[in-house]
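Peer 1: when you get a sec, could you give me coordinates for this:
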Amino acid sequence: MATVDLLSDFRWAQAGAPEEAIRRVTEVLARPLPAAQVEILGSHDGGEGFVGGGGYLQLWSVAEIVEYNQMLDVDRLIPGVLLFGSNGADDLYGVRRSGEHLEYDAYPAVGLDKDSGERLAATWAEFLEALAKS
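Peer 2: Residues are numbered from 1 along each chain as shown. This next block holds a predicted model:
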């Protein structure tokens, strides 16, 4: 199923984040956003909804990405991970680089540590497909 179809039930923020705000995430958190997130944030600064009739996804705004990564002490607890959203309940979603590749992972909101992640996908499209099946 196409990415657009998987997100057809999403409620998006009407405005995109300014380019400077998106660049600030990389500067403040010292981790680059994947291209898929940069594209989404440029069009819609966050959003939420069911993915393909399956799992729920809250994509955080640029300000929330910075705030929550700092508040949750991500640098210390899960180094190299950039959290970008949640399922609205007990799972947080993050992305990290593994060599030349990305890994999209789920982490528990309680008990967050480097060993608590569950690999979901290697690409944004695969991540959405995994959520659609959950």
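
Peer 1: what's around residue 20, how many residues?
Peer 2: When counting by other Cβ atoms under 10 Å, one arrives at 9 neighbours for residue 20. (C-beta placed from N, C-alpha, C; glycine too.)

Peer 1: what helices and strands are in contact with the helix or strand it falls within?
Peer 2: Secondary-structure assignment from DSSP states H and E places residue 20 in helix 19-29. Taking 3 or more Cβ pairs under 8 Å, 6 or more residues apart in numbering; DSSP states H and E as contact, the helices and strands that helix 19-29 lies on are helix 35-43, helix 62-71.

Peer 1: now do the buried residues in the last one.
Peer 2: Read it as helix 62-71. Of the residues in helix 62-71, those scored as buried under the neighbour-count criterion (16 or more other Cβ atoms under 10 Å) are 62, 64, 65, 66, 68, 69.

Peer 1: want to throw those residues into TSV with distance to residue 29 and pLDDT?
Peer 2: Below are those laid out as TSV (distance: Cβ to Cβ, whole Å; pLDDT from 0 to 100):
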residue	distance to residue 29	pLDDT
62	11	96
64	12	97
65	8	96
66	6	96
68	10	96
69	5	96
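
Peer 1: center of the protein - which residue?
Peer 2: The central residue of the chain, meaning the one whose C-alpha is nearest the mean C-alpha position (Cα atoms, centre = their mean), is residue 84 at 2.9 Å.

Peer 1: and it, which of the three is it?
Peer 2: Using DSSP: H, G, I helix; E, B strand; the rest coil, the structure places residue 84 in strand.

Peer 1: for it, give its distance to residue 17.
Peer 2: In this view, residue 84 and residue 17 are 12 Å apart by Cβ to Cβ, to the nearest Å.

Peer 1: just to revisit the earlier point, what's in contact with the helix holding residue 20?
Peer 2: Here helix 19-29 makes contact (Cβ atoms under 8 Å, 6 or more residues apart in numbering) with 32-33, 38, 41-42, 45, 62-63, 65-66, 69-70, 74-75, 82.

Peer 1: confidence-wise, which helix or strand of the chain is lowest on average?
Peer 2: Confidence across the helices and strands of the chain bottoms out at helix 3-6, with a mean of 79, counting by mean pLDDT, DSSP states H and E.
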